[in-house]
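Engineer: Attaching a predicted model along with its sequence, questions to come.
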Amino acid sequence: MSAADQMVVRVDDREARSGVVAALQQQDDVQVIVQRLDIGDYEVDGRLLVERKTLPDFALSIVDGRLFQQAQGLANAAWPAAMLLEGTAADLAACHMRREALQGALITLSLIFGLPVLRSLSPEESARLMVYAGRQIRATARGAFPRHGYRPKGKRKRQLYILQGLPGIGPARAERLLERFGNVESVLRADAAQLRDVPGIGDHIADAIRWAVSEDPGVYELADL
């Protein structure tokens, strides 16, 4: 297998002894690098950030407030990010947390922060799921799933579709941008400070959007005219 086909997974050193790392290291097409990460527990292929929580830790993080602090960091990241919950129903039952509290946390993660919530039953499944997600995102970036295959109907749906082409913008963030600015043109004209005022749009995403839509006018000037 060539180096270009290999999947590089960077793991936060606090996850080094987890069963997920051991499962990743058993895959021939995966290179595991253990280091301290600023955001998330796993950085997959330089394209995806994953915060992994066992179900008991998920429940505890709701109580001590860590969950939403971590979610904010993931939501502000320039790359796609996801929360991965690992464990069985028995693990969750042992937490003795009210179902409404768990459901409220899931709603906040998915609808407020715009983070996908993935589920696995074991460390081995978590490892497979992250690698599979990384390969799917890589395939999309290479054009395996062209966006032109989708034809949104209605102006609002088309506007949301256009906004999702911006760096770090998924369906939830596109909705917030459109609600805040009213139209695509205003989003593209907004400066970084205005973009950061939108929930879920942090420094990294705001800067990435400005970089994507801005250009030095001098690039297009014809000095000989």
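Structural biologist: Okay, I see it.
Engineer: C-alpha only now, for contacts and for neighbours.
Structural biologist: OK.
Engineer: What's the local residue count around Gly40?
Structural biologist: Look at Gly40: counted by other C-alpha atoms under 10 Å, it has 22 neighbours.
Engineer: Packing partners of the top helix by length along the chain?
Structural biologist: In the chain, assigned by DSSP state H, the helix with the most residues is helix 123-141. Helix 123-141 is packed against strand 7-12, helix 19-25, strand 42-44, strand 81-86, strand 117-120, with contacts defined by 3 or more C-alpha pairs under 8 Å, 6 or more residues apart in numbering; DSSP states H and E.
Engineer: roughly how far apart are Gly87 and Gln103?
Structural biologist: Separation of Gly87 from Gln103 (C-alpha to C-alpha, to the nearest Å) stands at 16 Å.
Engineer: can you list the domain ranges for the chain.
Structural biologist: 7-141, 147-213 (automatic domain parsing).
Engineer: quick revisit: okay, Gly87 and Gln103: which has more neighbours?
Structural biologist: Gly87 (17 against 11).
Engineer: so what's that one up against?
Structural biologist: Going by C-alpha atoms under 8 Å, 6 or more residues apart in numbering, Gly87 touches 54-55, 120-122.
Engineer: Not counting its neighbours along the chain, what's nearest it?
Structural biologist: Spatially, and ignoring its direct neighbours in sequence, Gly87 is nearest to Leu121 (4.6 Å; C-alpha to C-alpha, 6 or more residues apart in numbering).
Engineer: before we move on, the earlier item: please check the contacts of Gly87 and keep the buried ones.
Structural biologist: Neighbour-count burial (16 or more other C-alpha atoms under 10 Å) applied to these gives 54-55, 120.
Engineer: Tell me which helix or strand the closest residue to Ala75 other than its chain neighbours sits in.
Structural biologist: Of all residues not flanking Ala75 in the chain, Gly200 sits nearest, at 5.4 Å (C-alpha to C-alpha, 6+ apart). Assigned by DSSP states H and E, Gly200 falls within no helix or strand.
Engineer: No further questions, thank you.
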